[in-house]
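In: fold the following.
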Amino acid sequence: MQVVDLSHTIVPGMAQWPGDDQPLTIHRRSEHGQGTHMSSALEMGCHVGTHIDAPLHFLAGQPGLEALPVERFCGRARLVRLPGETAAGPLGPEILDGHDDADTDFIIIHTGWQRFWGTEAYYREWPYLSGDLARELAGRGLKGVGLDTPSLDDFQGRSAHDICAAAGMINIENLAGLDRLPAAAFTFLAMPLKLAGTEASPVRAVALVEKS
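Out: Residues are numbered from 1 along each chain as shown. Here you go, the predicted structure:
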């Protein structure tokens with residue numbers, strides 16, 4: 001079994017969603033030394049880096065992360081690898097053509113947008129789910145959908161979030177390392193912190209890939 005890390009490293013001062021004013025800081029409370037130990041504290045938003053959005057993010061009255069069973073955050077996944085370097089703009093349902101989603105809990109979409117991670121271009125515009133694609137995914141009984149982009153929607157949009165939230169799906173955004181995943185199904189895990197009444201959390205997303 002190969003464990004593939006699908007998460008970006010959280011680094012102080014890293015780029016975040018445009019307009020988020022919560023600073024991302026790792027405070028070092030103490031260092032190693034005689035009679036001391038290292039102790040750290042975090043200051044950051046819930047949507048930083050590789051993270052999940054629960055339905056509560058866009059749908060009022062839904063449970064917080066602490067109330068969702070852990071089974072919602074793991075399962076069998078299949079990769080949809082888009083050809084070449086996908087341009088920014090809406091993705092249509094045709095990207096699912098030819099993909100067998102039998103016994104699939106998560107669809108992970110590899111757009112190649114990670115190539116812009118750490119640059120201004122990453123958060124300027126990106127590939128996102130069209131309404132038709134979001135409705136197609138929502139109708140498949142999935143636990144969730146993940147992408148290597150900042151959001152399911154464009155910067156001003158929310159329709160894909162609304163559609164997926166209404167279907168009870170979670171969204172995993174800012175995934176990394178999708179080029180290392182196989183075409184065959186794999187086990188996917190994106191476990192959030194157990195935050196009371198909260199709609200999102202950074203995750204250490206991983207894939208468990210069976211060696212051939």
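
In: let's check: the centremost residue of the protein is which one?
Out: Nearest residue to the geometric centre of the chain (Cα atoms, centre = their mean): residue 172, 2.0 Å.

In: check contacts around it.
Out: 50, 51, 52, 106, 108, 144, 145, 146, 147, 190, 203, 205 (Cβ atoms under 8 Å, 6 or more residues apart in numbering). From N, CA and C alone the C-beta is placed, and that goes for glycine too.

In: which SS state does it fall under?
Out: Assigned state for residue 172: strand (three-state reduction, DSSP: H, G, I helix; E, B strand; the rest coil).

In: distance of it relative to residue 75?
Out: 12 Å (Cβ to Cβ, to the nearest Å).

In: please apply the same query to residue 86.
Out: Residue 86 sits 25 Å away from residue 75, taking Cβ to Cβ as the criterion.

In: and for residue 5?
Out: Taking Cβ to Cβ, one finds residue 5 at 18 Å from residue 75.

In: re the thing from before, most neighbours, which of the contacts of residue 172?
Out: Among these, residue 190 has the most neighbours (other Cβ atoms under 10 Å), with 30 neighbours.

In: off-centre distance for stretch 180-194?
Out: Taking Cα atoms, centre = their mean, to the nearest Å, one finds stretch 180-194 lying 10 Å from the centre of the chain it belongs to.

In: then stretch 197-209?
Out: So, by Cα atoms, centre = their mean, the centroid of stretch 197-209 is 7 Å from its chain's centroid.

In: buried residues, it. List them.
Out: 198, 199, 200, 201, 202, 203, 205, 206, 207, 209 (16 or more other Cβ atoms under 10 Å).

In: turn those residues into a markdown table, columns for pLDDT and distance to residue 31.
Out: Shown next, in a markdown table, are those (pLDDT from 0 to 100; distance: Cβ to Cβ, whole Å):
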| residue | pLDDT | distance to residue 31 |
| --- | --- | --- |
| 198 | 96 | 31 |
| 199 | 97 | 35 |
| 200 | 96 | 31 |
| 201 | 97 | 28 |
| 202 | 97 | 24 |
| 203 | 98 | 28 |
| 205 | 98 | 30 |
| 206 | 98 | 30 |
| 207 | 98 | 35 |
| 209 | 95 | 38 |
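
In: next, format those as TSV and append distance to residue 35.
Out: Output for those, formatted as TSV (distance: Cβ to Cβ, whole Å):
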residue	distance to residue 35
198	37
199	42
200	39
201	35
202	33
203	36
205	38
206	37
207	42
209	45
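
In: in helices, which of those fall?
Out: Assignment to helices by DSSP state H places none of the buried residues of stretch 197-209 there.

In: on that earlier part again, residue 5 and residue 75: which is more packed in?
Out: residue 75 (17 against 14).

In: quick one: pLDDT of the nearest residue to that one once chain neighbours are set aside?
Out: For residue 75, ignoring the flanking residues on the chain, the nearest one in space by Cβ to Cβ, 6 or more residues apart in numbering is residue 105 at 2.8 Å. For residue 105, the pLDDT comes out at 98.

In: wait, residue 105 sits on residue 77?
Out: Yes. If you go by Cβ atoms under 8 Å, residue 105 and residue 77 touch, sitting 6.5 Å apart.

In: can you list residues touching both of these two?
Out: Joint contacts of residue 105 and residue 77 (Cβ under 8 Å, 6+ apart) are residue 188.
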